[in-house]
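> fold the stuff below for me.
(one chain, ligands or ions: 1)
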Amino acid sequence: MDNINFPIKVAIVGAGIRGMHAYAPFSKMRPDLMEVIACVEPNPERLAKMGSDYSIPQELLFSSFDDFISAPLCADVAIIATQDKQHYSQAIPAMKKGYHILLEKPISPDPKECMEIAEVSRQTNRHCVVCHVLRFSNYYRLLKSFIDDGKIGDIMNIQYIEELGWYPYTQSYVRGDWRNSQVTSPLAIAKGCHDMDILLWLIGNKKPIALSSFGSLKYYTKENAPEGHALRCLDGCKAKADCIYDAEKMYMLSEPGAIERGEWPIKKLTSVLTRESVYDAIKTGLYGKCVYECDNDLVDNQIINIQFEAGITVSVTITAFTEGGTRLTRIFGSQGLLEGDAASGQIWLTPFGGERVCYSVDDFFPPTDDKEDRSSNNLLLDFLDMLASGVKPGNGLTAINVSLQGHIMAFASEHSRVNSGLLVNIEDYTNKLII
Ligand SMILES: NC(=O)c1ccc[n+]([C@@H]2O[C@H](COP(=O)([O-])OP(=O)(O)OC[C@H]3O[C@@H](n4cnc5c(N)ncnc54)[C@H](O)[C@@H]3O)[C@@H](O)[C@H]2O)c1
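Numbering: from 1, shown residues only. Down below sits the predicted model:
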């Protein structure tokens, strides 16, 4: 493989929430490791901001991907952080051009495209690392270390609940960018690819045998709209006072300073960080629509039952109907129980015949003052280190071939769900994709 030295040169493709806010800032924290050298972004304001924030010369600011890909190779890495359906048409030419890729999840909303991306990574000998940030979070690292240290013996069964939270769910999957599976991905792919990936990792890459799934869009539909509602919250809705989804409450009453600081989700609504601009966005934009009157089709609840080799069984619940967002995991072992809550970073260990003890992730990985995204930073550290130390493509914690397995399980669960809970044999399903 080519010789790559620190600081590794990076082109950001898609300077949105992930590209601009989760990955690019790492170059300011660790300029010795990473340098943002180019940016591809059609939104002129974001492109200009990237130019000024990272001192990118004009000739390396591209408003179109075609211009970027036809220009000479300008970086070691392309971080592809565009929307789900764009990943395939950008990752393949970028690898063929010679870029190593850090690719946002999902690899693609189409299973065959996912396989092709993995194949092109192999053929071109380019790293294609998928941003399965959970594997790099300190909470999951701790949970995994408890399992690998044999604290609960062998895994027998897992109960896994992804609590999406009514606020983030309606923000992203009812009003927001991921509300329509025709435009982006079904929930089983958008969220489920992370869940399947982390389960595979925790279980220790045992082979999944079969699964079945049920789920529907049960609540965020016209039929459940309250009496007197309007199509938009600011258009005379008579149910506004009692509606928790009222856009004014959700976005204008954010904690003091949140608008000016552009905290999530405000930066999804507008790049101009003033109350007037947020008000205009809810008056006319997507985020001011009544949550019962959107063009959303993603499920708001789904269950997936999975059988792994060695008789391990797993049940997964993904639900919008919770107060906050977290992932709850109960891992039943031959010698004890592990229970974890990702949001609070707490893990409870109960060895059979012993006391239930609570561990906090902060005791193992002390928290930092700022609001830095530690999982994304850990992922970048690992990725850049792999490149600089000459690790061959195909290796690494979230190499494309590893991530592909979880994606295939996610696609299989969606296939089952739309076929009324059909039992899907994973090997048969995978073989049909290859043909
Ligand atoms: N790893 C994670 O945990 C995680 C979390 C959230 C989102 N994601 C994924 O990250 C990706 C980006 O999400 P986001 O929230 O940053 O979206 P976003 O919409 O904020 O950002 C996408 C950016 O791509 C730009 N863009 C559009 N067309 C382009 C083109 N042809 N070339 C270059 N840029 C183009 C858009 O203008 C926008 O700025 C999605 O695939 C999403 O599913 C991953």
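
> let me see the contact set for the closest residue to the ligand within the chain.
Closest approach between the chain and the ligand, counting by Cβ to the nearest ligand atom: Gly16, at 1.7 Å. All C-beta atoms are positioned from the backbone trio N, CA, C, and that covers glycine. The contact partners of Gly16, by Cβ atoms under 8 Å, 6 or more residues apart in numbering, come to 46, 81-82.

> put the buried members of those residues into a PyMOL selection.
Selecting only the buried members of the contacts of Gly16 in PyMOL, with burial defined as 16 or more other Cβ atoms under 10 Å, works like this:
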select buried, resi 46+81+82
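
> so which of the contacts of Gly16 belong to strands?
Filtering those for membership in strands, criterion DSSP state E, returns an empty set.

> and the ligand, which of the contacts of Gly16 reach it?
The subset of the contacts of Gly16 within reach of the ligand, by Cβ under 6 Å from any ligand atom, is 46, 81-82.

> which one of those residues is nearest Ala281?
Of all the ones next to the ligand among the contacts of Gly16, Ala281 sits closest to Arg46, with 15.9 Å by Cβ to Cβ.

> that closest one contacts Met20, doesn't it?
Yes: with contacts counted by Cβ atoms under 8 Å, Arg46 reaches Met20, the gap being 6.4 Å.

> how near is Asp246 to Gly288?
The span separating Asp246 from Gly288 equals 10 Å under the rule Cβ to Cβ, to the nearest Å.

> got any residues that touch both of the two?
In terms of Cβ under 8 Å, 6+ apart, Asp246 and Gly288 are both contacted by the residues Cys233.

> more neighbours: which of those two?
Neighbours were tallied for Asp246 and for Gly288 using other Cβ atoms under 10 Å; the higher tally belongs to Gly288 (24 against 21).

> tell me who's in contact with the more buried one.
Applying Cβ under 8 Å, 6+ apart, the residues contacting Gly288 are 232-234, 247, 281-282.

> so which of those residues is the most crowded?
In terms of neighbours by other Cβ under 10 Å, the contacts of Gly288 top out with Ala247 at 28 neighbours.

> and that one, backbone torsions?
The main-chain torsion angles of Ala247 are listed as degrees, to the nearest 10 and equal phi -60, psi -30.

> any idea how far it lies from Val361?
According to Cβ to Cβ, Ala247 and Val361 sit 34 Å apart.

> equivalent analysis for Glu113, please.
Where Val361 is concerned, Glu113 sits at a distance of 35 Å (Cβ to Cβ).

> again with Cys131
Distance from Cys131 to Val361, counting by Cβ to Cβ: 21 Å.

> between the two, who's got more neighbours?
A count of neighbours by other Cβ under 10 Å puts Cys131 above the other of Cys131 and Val361, at 27 against 21.

> quick check: pLDDT value at the closest residue to Tyr292 other than its chain neighbours.
The spatial neighbour of Tyr292 that comes closest, neighbours along the chain excluded (Cβ to Cβ, 6 or more residues apart in numbering), is Ala225 at 3.6 Å. Among the per-residue scores, Ala225 holds a pLDDT of 98.

> just give me the neighbour total for Ala225.
By the criterion of other Cβ under 10 Å, Ala225 has 18 neighbours.

> same question, Met156
As a burial measure, the neighbour count of Met156 was computed by other Cβ under 10 Å and equals 15.

> longest single helix anywhere in the chain?
For the chain, the helix that runs over the most residues, judged by DSSP state H, is helix 400-418.

> buried stuff in it?
For helix 400-418, the neighbour count (16+ other Cβ under 10 Å) marks 400, 402-417 as buried.

> show me what from the stretch 51-200 of the chain comes close to the ligand.
65, 81-84, 86, 104-105, 131, 133, 177.

> tell me which of these fall in strands.
With strands taken from DSSP E, there is no overlap with those.

> sitting in helices, which of the residues you listed do you find?
In helices, judged by DSSP H, the following of these are found: Phe65.

> most neighbours, which of the residues of the stretch 51-200 of the chain next to the ligand?
The most crowded member of those is Cys131, carrying 27 neighbours; neighbours defined as other Cβ under 10 Å.

> surely that residue is in contact with Leu103?
Yes: the criterion here is Cβ under 8 Å, and Cys131 meets it with Leu103 at 6.7 Å.

> low-confidence regions, the stretch 1-150 of the chain specifically.
Along the stretch 1-150 of the chain, the model assigns pLDDT under 70 to residues 1.

> the strands in it, which residues?
Listed from the start of the chain, the stretch 1-150 of the chain has strands (DSSP state E, counting those that start in this stretch) covering 8-13, 34-40, 61-62, 77-80, 100-103, 128-130.

> same thing with the stretch 201-350 of the chain?
For the stretch 201-350 of the chain, applying DSSP E, counting those that start in this stretch gives strands covering 208-216, 301-308, 313-319, 326-333, 336-341, 346-351.

> what packs against the one helix or strand Asp362 maps to?
Assignment of secondary structure by DSSP states H and E places Asp362 within helix 361-364. With contacts defined as 3 or more Cβ pairs under 8 Å, 6 or more residues apart in numbering; DSSP states H and E, helix 361-364 has these neighbours: helix 138-148.

> how far out from the middle of the chain is the helix it packs on?
Taking the mean of its C-alpha atoms, helix 138-148 sits 20 Å from the chain's own mean (Cα atoms, centre = their mean, to the nearest Å).

> how far off strand 336-341 does it point, in degrees?
For helix 138-148 against strand 336-341, the angle between stretch directions is 170 degrees (axes from the mean of the first three to the mean of the last three Cα atoms, to 10 degrees).

> start at 226 instead
Right, with 226 as the first residue, what we last looked at is helix 363-373.
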